[in-house]
Structures are given as structure tokens and as C-alpha cells.
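Enquirer: okay, sequence plus prediction incoming.
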Amino acid sequence: MHTLITREVPRGRVDCHPNAPTDWQKCPFGEVVEVNRPYSMERGREYPFLEMAAVKEDFGGIIEYDTRPFEGSLSRFALNDTLFAKITPCAENGKVALIDRLPADNGAGSTEFIVLSPRAGFDPFFVYSLAISPDIHSRAVSRMEGSTGRLRVTEETFKKWMWVSIPQTLEEQLRIAETLKAADNHVRALEEQLRKAERVKKALLQAIFVEGIPGRNGTPQTCRWGLAPAGWLETSIRAILIEPVGNGTSPDAARQEPPGFPTLNVSSIRNGRCDQSRISYIELSEKVAATFAVNQGDFFVLRGNGNRDFVAIGGLLVEEPQAGLVFSDLLIRLRFDHSKALPEFMKYLWQSPPFLRRLQSYAVTGSGLWKIGQRSISRMKLAVPSDAGEQKDIAAIFDSQEGLLLALGNQLLAARRVKQSLLQNLLTGKIRLKA
């Protein structure tokens, strides 16, 4: 049982839970945690180490530990402590983690962590949940101090400035912590399922466009650029199009809201598809707009990006285009001859690492921007099944995997919303958990 005395929040301090139940105790957060507890650690001895990059954003936990000789200036932590990134933009991005596993008695970390150690009588997961709750995390971020680009959350923010409300009994605190931990575990389980499904898709993209569908194609054939499934036809992008590739329109200016013609742009290309919810609007004459009007089944390639890994990625317009939809000059349009290459097949071939890396190798750089030209795309060599049925079978395999990814993504989004709602309602006492 912890012993806290409820008192009025002093002037100049902030009450993080102004509407908490009257039977909860109100105190500075610094009476719930000890900030940067001075653990005894041996200088020069190797300890588990966490750099800032080892903590995921959005309260995603710890990636992995490194080891490093201890230096006196490093942060110090132990099992069940909470690390809170104090420097911008890590603080804003949610780099907060509970030390729920530690291969030694103590660990060391970046000096840009504030370490919150639960005081006696407080559950570690309850303390961690307080630290990531909107009422605490957002207020801590709002109090950052320092020069532009080097803003930091201060220790005093936790010790004195933020006041919190805590259930009087440890039993109620534990009920809250157990419920939040169950919600957190559900989120982590879905994240792992999603990661596994993404790895399966990546492996399929790597294998099928080199070896073909297992048991169907036999030993891969050797083409001029490398391996391809046996029996597939060697060709070029130019040979499987119904018209030459072309750039979109180059407007004077674009806006995020109407009026104007809706326009596909760089941000519209996502995961092999064109996302019509991520468009801009430009002023064009009806005649010019008709020249750059898009159709269902059009395929678009990103022709320029500051990062070479993103140049030349493609997206298929799967749905019917909205009225008046055009495309910008940042994209190159391809219209496939369906008798030679089905758009739904090309959507996945374009994502395959062997194909995309070869295409990106033709990109050139200038003024910090990587660009791919129409000619490089048109002359790109590839292999495709001559049988449309095989193309459909391959597209169906990937459609099934993408359906799983979409379903898992939606489940994860819903689980995160439930967790956020529980954080807000349980830690403020709006919802009480009975024994």
C-alpha cells in the first residue's frame, strides 16, 4: 500500500486529471516515480545498452539491446523502469518504453532518456501507462525547453509540474494495469502477425518472379539480365503497351481542396496502388484535362524522388476514377496491352525486388533528386507468362496475401483505438473496474 496525501494542486502546476474521482489521491508525478534514480554501476564494465534508435516510435517497445562499457554520463535503468525520450523529435514521436526484460541487474542508455522508476507500492505497468497516456505525454511534450531543434522535456516537469490522480488502493491500480496490459499485449500480437504477413509477401515477391509458382515452372531460365521462370516470354515494357509512356500535366500550382481537377501525385502511389483519397487539385482547361484523363487499369510510375529507393515505384488504379481525375507530371503513365500483360499481374511484378532494383539502377541524380526517364522505362527488359491464366493465378496469390495484410491492418487500427480509449478512461477514473 502506498502512502500519499491528497492536497490541492499548487498555483503554477498543472492538474493532469482534473475530473478524477474524489476518492483518488492527487500528488506530483514525482511522488509516484523517482526520476533518474542514481543506480550504482561500475564505470568501464559492460552493461546492456539502449541507444535512441533501439526504442520504437509510437510507444512500440524496445527493438534490441546492445552492450557497451558504462560511462558516467549515460542514463541508468533497471527492470520495470520506464524510459521517456526527452529530446525533439523523439519525445513527440512517442519513444517511451517499459523495461520489461533486461539481461542484467542494470542497463545504460542514451543521455537523452529520462528514467522513471516506480516508487514502492506502484505497479510498473501502471506507471508506464501513465507516462504514455495523452494527459501525461502530451503535457510533458508541451513543456519542452531549449533552443529550436534541441528542445527537451525537463526532469522538473515530472518531479513537480505535473500532478496526477492515483487510486487509493493498490488493488484498483493493479486491476487497471492488468486491463491495460491485456490491451497492449493484443496490440503487440497483431503487430507481430502483421510483420509475419509482410515477410511472407516479401518472400513471395522475391521467389515467384524468379522461379514461378512452385511445382509449375521447373528450373529457372537464364535471361540477359538474370533468372526468370522457365517458359516465360522475354520482352520489354514498350512491347506490352498499347501506347507510348507519357508524363502528366505540369500545373502552375496545386491545392489540397477544390476547386480544380482532382490530380494523382507522388503521395497517391501507395503499396502498388493509386490512392484516390490522397490527391491534389489543379486548374486546367477542359481540353488539357481530357488529354491527361485517367482510366481504370492505368499504371503510374513515380519518376522522381530524393530517395533512390522510392524512385520508379509504381501504382495501379484499381477502382473507377473519380470524375475529372488527371495525373501530374511527377508521374509516368503506362497502359498495358491486356492480351500480353494484365495490369493486376504487372502491379506485383513491379514490386518484386529483382525487377525494381534493376529499374532503379537506371535512375540518374541531379540537384539532390533521383529521376527515371520515359526511355529507361520503355526499354526495360522483363519476362512475363504468355498464358493469361498463369498471370491471373499469380495475381490471385498476391491478392490473397494483400487481403490478409489489409484485414490485419484494420484489426490493429481497431485494437490501438481500444487501447487509447482505455488509457483515457481508466487512468482518469471515468471508468472504474470493480473487484
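Expert: Ah, there it is.

Enquirer: report all helices and strands that the strand or helix carrying residue 403 contacts.
Expert: Residue 403 belongs to helix 388-426 when assigned by DSSP states H and E. Contacts defined by 3 or more Cβ pairs under 8 Å, 6 or more residues apart in numbering; DSSP states H and E place helix 388-426 against helix 134-142, helix 170-211, helix 343-349. In short, each C-beta sits where N, CA and C put it, glycine included.

Enquirer: okay, these in TSV with mean neighbour count next?
Expert: As requested, these are exported to TSV (neighbours: other Cβ atoms under 10 Å):
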stretch	mean neighbour count
helix 134-142	18
helix 170-211	16
helix 343-349	22
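
Enquirer: could you provide those helices in a markdown table, with additional columns for mean pLDDT and distance to residue 120?
Expert: As requested, the helices and strands packed on helix 388-426 are arranged in a markdown table below (pLDDT from 0 to 100; distance: least, Cβ to Cβ, whole Å):
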| stretch | mean pLDDT | distance to residue 120 |
| --- | --- | --- |
| helix 134-142 | 96 | 21 |
| helix 170-211 | 96 | 10 |
| helix 343-349 | 98 | 57 |
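
Enquirer: and those helices: which comes nearest residue 382?
Expert: helix 343-349 (7.0 Å; Cβ to Cβ).

Enquirer: contacts for the helix or strand just after the closest one next, please.
Expert: Moving toward the C-terminus from helix 343-349, the next helix or strand (DSSP H and E) is helix 353-360. By Cβ atoms under 8 Å, 6 or more residues apart in numbering, the surrounding residues in contact with helix 353-360 are 202, 205-206, 209-210, 225-227, 308-309, 311-313, 349-350, 372, 376-377, 380, 382.

Enquirer: neighbouring strands of the helix or strand just after helix 353-360 in the sheet, and parallel or not?
Expert: Proceeding N to C from helix 353-360, the next assigned helix or strand is strand 364-366, under DSSP H and E. Paired neighbours of strand 364-366 in the sheet (DSSP bridges): strand 369-371 (antiparallel).

Enquirer: from the chain's centre, how far out does the partner strand sit?
Expert: Relative to its chain's centre, strand 369-371 lies at 24 Å (Cα atoms, centre = their mean, to the nearest Å).

Enquirer: not counting its own residues, what contacts it?
Expert: Residues contacting strand 369-371 (Cβ under 8 Å, 6+ apart): 303-308, 311, 363-365.

Enquirer: relative to residue 132, which of those residues is nearest.
Expert: residue 307 (30.6 Å).

Enquirer: for residue 91, see how far away residue 322 is.
Expert: Between residue 322 and residue 91 the distance is 40 Å, computed by Cβ to Cβ, to the nearest Å.

Enquirer: the more surrounded of these two?
Expert: residue 91 (21 against 11; other Cβ atoms under 10 Å).

Enquirer: you'd agree the more buried one is up against residue 139?
Expert: No - Residue 91 is not in contact with residue 139 according to Cβ atoms under 8 Å; the separation is 11.6 Å.

Enquirer: joint contacts of the two?
Expert: With Cβ under 8 Å, 6+ apart, residue 91 and residue 139 have no common neighbours.

Enquirer: got the domain ranges for the protein?
Expert: For the chain, automatic domain parsing gives the domain ranges 14-168, 233-384.

Enquirer: now the ones you listed as JSON lines including distance to residue 187?
Expert: Below are the domains of the chain laid out as JSON lines (distance: least, Cβ to Cβ, whole Å):
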{"stretch": "domain 14-168", "distance to residue 187": "9"}
{"stretch": "domain 233-384", "distance to residue 187": "22"}
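
Enquirer: nearest to residue 432, of those?
Expert: domain 14-168 (7.2 Å).

Enquirer: count of neighbours near residue 241?
Expert: 19.

Enquirer: which positions in the helix holding residue 403 come out as buried?
Expert: 390-391, 394-395, 398, 401-402, 404-405, 408, 411-412, 415-416, 419, 422-423, 426 (16 or more other Cβ atoms under 10 Å).

Enquirer: same thing with stretch 318-329?
Expert: Judged by neighbour count using 16+ other Cβ under 10 Å, the buried positions of stretch 318-329 are 321, 324-328.

Enquirer: could you list which of those belong to strands?
Expert: 326-327 (DSSP state E).

Enquirer: columns distance to residue 34 on top of the helices and strands packed on helix 388-426, output as CSV?
Expert: Shown next, in CSV, are the helices and strands packed on helix 388-426 (distance: least, Cβ to Cβ, whole Å):
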stretch, distance to residue 34
helix 134-142, 16
helix 170-211, 17
helix 343-349, 54
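
Enquirer: neighbours around the closest residue in space to residue 188 that isn't next to it in sequence, how many?
Expert: Nearest non-adjacent residue to residue 188, counting by Cβ to Cβ, 6 or more residues apart in numbering: residue 61, 7.2 Å away. The number of residues packed near residue 61 is 15, by other Cβ under 10 Å.

Enquirer: on that earlier part again, and the contacts of strand 369-371, which are buried?
Expert: Here, 16+ other Cβ under 10 Å leaves 303-305, 311, 363 buried among the contacts of strand 369-371.

Enquirer: which members of those residues are positioned in strands?
Expert: 304-305.

Enquirer: closest to residue 113 out of the buried ones among the contacts of strand 369-371?
Expert: Using Cβ to Cβ, those come closest to residue 113 at residue 305, 33.6 Å.
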